[in-house]
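Asker: sequence and predicted structure, then a few things I'm wondering about:
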Amino acid sequence: MSIGFLLPSLEDAVIWRGPKKNGIIKQFLRDVDWEELEYLLVDTPPGTSDEHLSIVQYLKPAGLSGAVIVTTPQEVSLLDVRKEITFCKKVGVSIIGVVENMSGFVCPKCKIESKIFPPSTGGAEKMCEEMNVTFLGRVPIDPLIGQCCDEGKSFVKEFPNSPASIAYNSIISKIEKYAELNGNQ
């Protein structure tokens, strides 16, 4: 579900203040017929704003399992993620782990990896060690991910042997194991 589905045009911007944003979050979580779910993934913008507080407030009574936090290797992204980790700890949301996205590019021809966004301070894995949070893995850049998303296809099914698909499957297995061990099957 996306607010984009409710806008009259693809070019329309959502320019709402807190109460209206809070209302649509509540409506999405309470009024959408999600049917039976194994997982509900909520993609939020970076930060620790009203939206994050509202999501936690509405999902905690439903048995919120935890947060998977995604970053890139650059320090500017890691700064936001450190704040998000602190936010989760303060509001009592378990952190399932952190994923480092865009963590290098593996050439499809020669299979050599290039660090397009080299981590200047050690990247997500080092940050996780410092903050005592689980590091779930790295996902390399693959232009075919975007192409599959644009076409409505599953990248993992279309390209199961790509380095990114292998990384996704490893991360998914860790999340499933966390859910199993914590009674959230």
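Answerer: Now that the structure is in, tell me what you want to look at.

Asker: count residues in the vicinity of P73, would you?
Answerer: 25 (other C-beta atoms under 10 Å). From N, CA and C alone the C-beta is placed, and that goes for glycine too.

Asker: now it. Nearest residue, chain neighbours left out?
Answerer: Spatial nearest neighbour of P73, chain neighbours left out: P119 (3.8 Å); criterion: C-beta to C-beta, 6 or more residues apart in numbering.

Asker: pLDDT value on that neighbour, please?
Answerer: Listed pLDDT for P119 reads 81.

Asker: give the buried residues for the lowest-mean-pLDDT helix or strand in the chain.
Answerer: The least trusted helix or strand in the chain, going by mean pLDDT, DSSP states H and E, turns out to be helix 18-31, with a mean of 84. Buried residues in helix 18-31, defined by neighbour count with 16 or more other C-beta atoms under 10 Å: K21, N22, I25, F28, L29.

Asker: list the residues that contact S2.
Answerer: By C-beta atoms under 8 Å, 6 or more residues apart in numbering, S2 lies in contact with nothing.

Asker: redo the buried residues of helix 18-31 as TSV? Include distance to L181.
Answerer: Below are those laid out as TSV (distance: C-beta to C-beta, whole Å):
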residue	distance to L181
K21	34
N22	33
I25	29
F28	29
L29	26
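
Asker: what is the most widely separated pair among these?
Answerer: K21 and L29 (12.7 Å; C-beta to C-beta).

Asker: just to revisit the earlier point, go through the following helix or strand past the least confident helix or strand of the chain and flag the buried ones.
Answerer: Following helix 18-31 in sequence order, the next helix or strand is helix 50-59 (DSSP states H and E). Buried residues in helix 50-59, counted by 16+ other C-beta under 10 Å: E51, H52, S54, I55, V56, Y58, L59.

Asker: fine, thanks again, bye for now.
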